[in-house]
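>>> Predicted model follows, preceded by the sequence.
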Amino acid sequence: MNTRAIFGDYIDIYDIAQAVEDGATVPIYYESRLVRIELDDDVREELDDELAGIVEGLSESEEHRLSQKYSRVEALVGAEPRLKRVADDLVRHFENRLEALDGKGMIVGMSRAICVALYDEIIRLRPDWHSDDDNEGVIKVVMTGSSSDPAGFQQHIGKRPKARRELLAKRMKDNADPLKLVIVRDMWLTGFDVPSMHTMYVDKPMRGHGLMQAIARVNRVFKGKPGGLVVDYIGLAQNLKAALGEYSAGDREQVGIDEAEAIRALQERYEIVRAMFNPEQASGFDYRPALVPGTSARLKLTIMAGALDHVLGQQQRESAQATSDEARKAAQKRFPDAVKALSVAFALASASDQAAALRDEVGFFEAVRAALVKQSRDDSDRKSPQERELAIRQLVSRAVVSTDIIDIMEAAGIGRPDISILSDGFLQEVREMPQRNLAIEALRKLLEGQIRSRSRSNLTEAEAFSTRLEQAVGRYHTNALTSAQILDELIRLAHEMAAARSRGEELGLTPEEVAFYDALARNDSARDAMGDPGLRVIAAALVKTIRENATVDWNVMAPTRARMRTAVKRLLRKYGYPPDMQDEAVQNILRQAEEFAPLWAGSGR
């Protein structure tokens, strides 16, 4: 049926290329890994002899029918020696893909018998992937069938076939589930969406619209997924080209992209990042000893520290030469962005020999980037989604110390001290570090982490320290401060932050009262008008009033928030806080109260 002849021409076309451009889908790459099915003459003679033995005793018609069956392409595709080669190649290929890009894969077989036989070959190579329990296991066959099918099929059909397929579909769509790979013949090739599915292995002749629908299983958008990959074991190239003939020129550029394009992109982006280290030159940094097998973890960490120091020095020099804030930001992002682009290219070409040769170097570059972008946290288990993604990708497993992200403090070799008990000896150790750029960055991150922590107990004080830190780093990036001067400035700030913890004792206030005292004294004019004794009295009264009025979720419910605002205003008027400064003070007080809200909710009742 000609649809356009009946319904008229298209009103509008939203093609694959437009979907990729809009971010609705990802490009599909094509990789040919043909496993030949031609037979040598001597093998053919052996097969003929075996076939004669198999059909001996059968009637002429049964012998003819069986001979025809085993002469078809299906028999050649499903021949045991070939399936062993497919299974061996596929397992190694998929494991390499998972190292670079966590997600799922699908294998498309030519027949149910071939799907089962391929499953058996794969679990022979990876026995731990198998499980008799449909709730467990890394690989499953999804197919229809009945109790009359051969005994070897039954575990893949199940006693309740529909319920089994629904369970496996649920597991496949859960990226955290250990089920990573499914083998299908026709099931799930249309209308089954698993966004994390990034690789499809095709060992079945397909063509036209059916082929296009099938490979679209890997073009769904998922975090960290730069593209889908179709791996061809059967010879789809011509059929894919013919199927794409029905699509727009833009679509042909986004589907079936030759893997060689991904490899070229990987090589180009690798050269860009490598040039930033320039390991062969005296002015560069040679990170390559970290990649030598047998290198100790301590030496790897030392080299990591040197690499971080080198990158930070580059960023500082480029920032100093920049003539605008935008250019300075670009200088800070140049290395992380280049490595991110390299990692995307690596993920696309991860199963290629070229990617395998670069795996350790890419892992090292990714570890350096991760250390640079990682924010210091009081709770080391609270990782951002980006950090979790980097850890999962496991690019650093062979190159650095572990699969997790290297902490810049650990790389600096100075641990993670408590800012409240910073000793002169520790700060002197930081001052004397040979990697000066790394020492500055490590101390800056340490201070940033402590400022974030302090904001929960004293927002005003934290914001004041944060402003001073930003100003100091800004002057350093514009070359207004030398590396020695910025270190002195950061160390002085660290001492002041440590000393600030004892202010409550000097003022005769609790830590909560100090927080509200600072909120009230934020306005210099108010402090001059009220004096320290007056502000201390108001601060103590505020703690009592806010505790008494703090109900559950008061800070998110408009009526209770309004009542809290009224109570604060009434108290300020009672103690004679300057009327023209009350609005600003109320805002500062409520902001601080919100930080205490989780602890104080309902405490006064």
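Thanks, I have it. Treat the numbers as computed from the prediction; the structure is a model and nothing was measured. Residues are numbered from 1 along each chain as shown.

>>> Would you mind listing the buried residues in the one helix or strand Val368 maps to?
Element membership for Val368, per DSSP states H and E: helix 353-373. Along helix 353-373, these residues count as buried under the neighbour rule (16 or more other C-beta atoms under 10 Å): 354-355, 358-373. (Glycine included, C-beta is placed from N, CA and C.)

>>> Which residue is the nearest non-sequential neighbour of Gln435?
Asp309 (3.5 Å; C-beta to C-beta, 6 or more residues apart in numbering).

>>> what does the model give that neighbour for pLDDT?
According to the prediction, Asp309 has pLDDT 86.

>>> is it true that it lies in a helix?
Yes: according to DSSP: H, G, I helix; E, B strand; the rest coil, the state of Asp309 is that of a helix.

>>> ok, it - how many residues close by?
For Asp309, the neighbour count with other C-beta atoms under 10 Å is 23.

>>> Is it correct that it is in contact with Arg436?
Yes: because the distance of 7.2 Å satisfies C-beta atoms under 8 Å, Asp309 is recorded as touching Arg436.

>>> Please report how far the residue nearest to Gln435 lies from Met206.
When C-beta to C-beta, to the nearest Å is the yardstick, Asp309 and Met206 sit 53 Å from each other.

>>> Repeat that for Glu121.
Taking C-beta to C-beta as the measure, Glu121 and Met206 are separated by 22 Å.

>>> and what of Leu535?
Using C-beta to C-beta, Leu535 is found at 78 Å from Met206.

>>> Show me which of those two is the more surrounded one.
When neighbours are counted by other C-beta under 10 Å, Leu535 comes out ahead of the other of Leu535 and Met206, with 23 against 20.

>>> That one in helix, strand or coil?
Three states are possible here, and by three-state DSSP the one that applies to Leu535 is helix.

>>> Just to check, it is in contact with Asp518?
No: with contacts counted by C-beta under 8 Å, Leu535 stays clear of Asp518, the gap being 9.3 Å.

>>> Now do the helices in the stretch 1-150 of the chain.
With DSSP state H, counting those that start in this stretch, the ranges of helices along the stretch 1-150 of the chain come out as 3-7, 16-22, 41-55, 60-71, 73-77, 80-100, 112-125.

>>> What residue spans form the domains of the chain?
Structural domains annotated on the chain: 16-34+79-247, 38-74, 264-412, 419-501, 506-600, as defined by automatic domain parsing.

>>> Those domains: lowest mean pLDDT?
Confidence, taken as mean pLDDT, is least for domain 38-74 of the domains of the chain (a mean of 50).

>>> Counting neighbours, which bits of stretch 515-527 end up buried?
For stretch 515-527, the neighbour count (16+ other C-beta under 10 Å) marks 515-523, 526-527 as buried.

>>> likewise stretch 488-495?
Using 16+ other C-beta under 10 Å as the burial criterion, the residues of stretch 488-495 that qualify are 489-491, 493-494.

>>> tell me which of these is nearest to Pro279?
Sorting the buried residues of stretch 488-495 by distance to Pro279 puts Leu490 at the head of the list, at 30.4 Å, by C-beta to C-beta.

>>> helix or strand for the closest residue to that closest one other than its chain neighbours, which one?
Counting by C-beta to C-beta, 6+ apart, the nearest residue to Leu490 once its immediate chain neighbours are dropped is Leu443, at 4.8 Å. If you go by DSSP H and E, Leu443 is part of helix 436-454.

>>> so where do the strands sit in the stretch 251-400 of the chain?
255-258 (DSSP state E, counting those that start in this stretch).

>>> now the helices: where do they sit in the stretch 201-350 of the chain?
For the stretch 201-350 of the chain, the helices identified by DSSP H, counting those that start in this stretch occupy 208-215, 237-244, 249-254, 259-277, 297-321, 325-348, in order along the chain.

>>> Output those helices as TSV; include the columns distance to Asp133.
Output for the helices of the stretch 201-350 of the chain, formatted as TSV (distance: least, C-beta to C-beta, whole Å):
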stretch	distance to Asp133
helix 208-215	29
helix 237-244	37
helix 249-254	40
helix 259-277	36
helix 297-321	38
helix 325-348	32
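
>>> who wins for proximity to Arg591 among these?
Closest to Arg591 of those, according to C-beta to C-beta: helix 325-348, at 27.2 Å.

>>> what packs against that closest one?
With contacts taken as 3 or more C-beta pairs under 8 Å, 6 or more residues apart in numbering; DSSP states H and E, helix 325-348 sits against helix 259-277, helix 297-321, helix 353-373.

>>> So Ala290 is in contact with Lys300, correct?
Yes: the pair Ala290 and Lys300 qualifies as a contact (C-beta under 8 Å) at a distance of 4.8 Å.

>>> ok so, going back, now render the helices and strands packed on helix 325-348 as JSON lines, adding distance to Val108.
Below are the helices and strands packed on helix 325-348 laid out as JSON lines (distance: least, C-beta to C-beta, whole Å):
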{"stretch": "helix 259-277", "distance to Val108": "18"}
{"stretch": "helix 297-321", "distance to Val108": "42"}
{"stretch": "helix 353-373", "distance to Val108": "24"}
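
>>> and of the ones you listed, who's closest to Thr190?
With C-beta to C-beta as the yardstick, what comes closest out of the helices and strands packed on helix 325-348 is helix 259-277 (25.1 Å).

>>> was I right about Gln267 contacting Ala355?
No: between Gln267 and Ala355 there is no contact, the gap being 9.8 Å when judged by C-beta under 8 Å.

>>> I'd assumed Ile183 was in a helix, is it?
No: going by three-state DSSP, the assignment for Ile183 is strand, not a helix.

>>> Number of residues surrounding it?
A total of 25 residues lie near Ile183 under the criterion other C-beta under 10 Å.

>>> Report the separation between it and Val77.
14 Å.

>>> burial count for Arg573?
Counted by other C-beta under 10 Å, the residues lying close to Arg573 total 11.

>>> after the host helix or strand of it, next one along is what?
Of the helices and strands defined by DSSP H and E, Arg573 is found in helix 558-574. Once helix 558-574 ends, the next helix or strand along the chain (criterion: DSSP H and E) is helix 582-600.

>>> quick one: that next one to helix 558-574, angle?
If you take axes from the mean of the first three to the mean of the last three C-alpha atoms, to 10 degrees, helix 582-600 sits at 120 degrees to helix 558-574.

>>> Tell me the buried residues in helix 582-600?
By 16+ other C-beta under 10 Å, the buried positions in helix 582-600 come out as 582, 585-586, 588-590, 592-593, 595-597, 600.

>>> now stretch 547-559, how far from the centre of its chain.
Distance, stretch centre to chain centre, for stretch 547-559: 37 Å (C-alpha atoms, centre = their mean, to the nearest Å).

>>> Kindly report the same for stretch 302-313.
23 Å.

>>> Put the alpha carbons of that stretch into PDB.
Provided in PDB are the C-alpha atoms of stretch 302-313 (Å, rounded to 0.1, in the frame of the first residue of the first chain):
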ATOM      1  CA  THR A 302      53.000  10.700  43.400                       C
ATOM      2  CA  ILE A 303      52.800  10.900  39.600                       C
ATOM      3  CA  MET A 304      49.100  11.800  39.900                       C
ATOM      4  CA  ALA A 305      50.100  14.700  42.200                       C
ATOM      5  CA  GLY A 306      52.700  15.900  39.700                       C
ATOM      6  CA  ALA A 307      50.100  15.700  36.900                       C
ATOM      7  CA  LEU A 308      47.600  17.700  38.900                       C
ATOM      8  CA  ASP A 309      50.200  20.300  39.700                       C
ATOM      9  CA  HIS A 310      51.100  20.500  36.000                       C
ATOM     10  CA  VAL A 311      47.500  21.100  34.900                       C
ATOM     11  CA  LEU A 312      46.900  23.600  37.600                       C
ATOM     12  CA  GLY A 313      50.000  25.500  36.600                       C
END
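
>>> Give the buried residues for that stretch.
When burial is assessed from 16+ other C-beta under 10 Å, stretch 302-313 yields the following buried residues: 302-313.

>>> Alright, that wraps it up for me.
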